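J.: Need the 3D shape of this:
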Amino acid sequence: MRKNRLREIWAGGGAAVNGWLAIPNAFSAETMAHQGWDSLTIDLQHGVVDYQAAVNMLTAISTTDTVPLVRVPWLEEGIIMKMLDAGAYGIICPMINSREECERFVAATSYPPMGRRSNGPIRALLYAGGDYQAQANDTIVRFAMIETAEGLHNIDGIMSVPGLDAVYIGPSDLSLALGCRPLFDDLDPPAAEAVELILAKAKEHGIRAACHNGTAEWAKKRRAMGFDLVTISSDARFMAAGAQQAVAAMAGDDGKADSGGY
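T.: The predicted structure is shown next:
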């Protein structure tokens, strides 16, 4: 089975740099994949990407060694299994708020006896290899998103679920849940403290920690803090920022653009 480079990076003591795909197009996904990202996440939760577009984007990413990840819309077993069958090498599941929800998530991503994933890896066999079913449980990466006050309260129960590989922080939702401004980078103090707590708890439980960032500057800071995966902005925001800079330059402005998140 094809190796998961995220696991190799982590085993070597490194941190992965993850890109974010919001544009439902195979060519834009392929273009992003050729820019040197360690992994790319197709976002089905927010934005306009549907299942068929995601399959085409996974195929496009396969032209490189970039690891294909998918953020599913919700904790719903059907779409989790379909995206794994389509060749996703990791699933990011939003709004995991309890140990029970995390157990459901891990079960949906794992073949028996570890879980209850149904057998039918149609495209995953093409991407990963003929021994997919035998190796998939140990190869794919499971990210539970911690982004609510309830999830924060239940953090130890969530992180102690066997089979969970990592937690992924959504700073904007987490900030809103704590009564703060919905930011990605320079967070209000309660949200910043929560991010530090989640990171510390992940280290304590021996799992990986990931965080979304609006800029490379903040991604570097969080990597230095000890995060194992840092996401920077998105394809849509990069396109908008580049266009804004060009238009601003023609207008005589300084060309600075909104860094944005999603």
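
J.: was I right about Tyr77 contacting Arg104?
T.: Actually, residue 77 is Glu. It isn't Tyr. Yes - counting by C-beta atoms under 8 Å, Glu77 does reach Arg104; the two are 7.3 Å apart. The way it works is simple: take the backbone N, C-alpha and C, and place the C-beta from them, glycine included.

J.: quick one, which of those two is more surrounded?
T.: Taking neighbours as other C-beta atoms under 10 Å, Glu77 and Arg104 compare with Arg104 leading, 20 against 17.

J.: Quick check: which element contains that one?
T.: Under the criterion of DSSP states H and E, Arg104 resides in helix 99-108.

J.: Downstream of that helix, the next helix or strand is which one?
T.: helix 122-128.

J.: Show me which residues of that next one are buried.
T.: Neighbour counts over helix 122-128 (16 or more other C-beta atoms under 10 Å) mark Arg123, Ala124, Leu125, Tyr127, Ala128 as buried.

J.: Starting from it, tell me the next helix or strand along the chain.
T.: helix 132-139.

J.: So which residues make contact with that following helix?
T.: For helix 132-139, the surrounding residues in contact (C-beta atoms under 8 Å, 6 or more residues apart in numbering) are 1-4, 7, 84, 89, 110-111, 114-115, 119, 121, 124-125, 128-129, 163.

J.: Please state the offset of that helix from the chain centre?
T.: 20 Å (C-alpha atoms, centre = their mean, to the nearest Å).

J.: residues in contact with Leu176?
T.: Residues near Leu176 by C-beta under 8 Å, 6+ apart: Pro182.

J.: Now the one helix or strand it maps to: average pLDDT?
T.: Per DSSP H and E, Leu176 falls inside helix 171-177. Average pLDDT, helix 171-177: 97.

J.: now swap in stretch 228-247 and tell me
T.: 96.

J.: Restrict it to CA atoms and write it as PDB.
T.: The C-alpha coordinates for stretch 228-247 follow below in PDB (Å, rounded to 0.1, in the frame of the first residue of the first chain):
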ATOM      1  CA  ASP A 228       2.400  18.800  13.900                       C
ATOM      2  CA  LEU A 229       0.400  20.100  10.900                       C
ATOM      3  CA  VAL A 230      -0.300  23.700  10.000                       C
ATOM      4  CA  THR A 231      -2.700  24.800   7.300                       C
ATOM      5  CA  ILE A 232      -2.300  28.100   5.500                       C
ATOM      6  CA  SER A 233      -5.300  30.000   4.000                       C
ATOM      7  CA  SER A 234      -6.900  28.400   0.900                       C
ATOM      8  CA  ASP A 235      -6.700  28.300  -2.900                       C
ATOM      9  CA  ALA A 236      -9.600  30.800  -3.100                       C
ATOM     10  CA  ARG A 237      -8.000  33.200  -0.700                       C
ATOM     11  CA  PHE A 238      -4.600  32.900  -2.600                       C
ATOM     12  CA  MET A 239      -6.300  33.700  -5.900                       C
ATOM     13  CA  ALA A 240      -8.200  36.600  -4.400                       C
ATOM     14  CA  ALA A 241      -5.000  38.000  -2.700                       C
ATOM     15  CA  GLY A 242      -3.000  37.700  -5.900                       C
ATOM     16  CA  ALA A 243      -5.700  39.500  -7.900                       C
ATOM     17  CA  GLN A 244      -6.100  42.200  -5.300                       C
ATOM     18  CA  GLN A 245      -2.300  42.800  -5.300                       C
ATOM     19  CA  ALA A 246      -2.300  43.200  -9.100                       C
ATOM     20  CA  VAL A 247      -5.300  45.500  -9.200                       C
END
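
J.: Sweet, I'm off.
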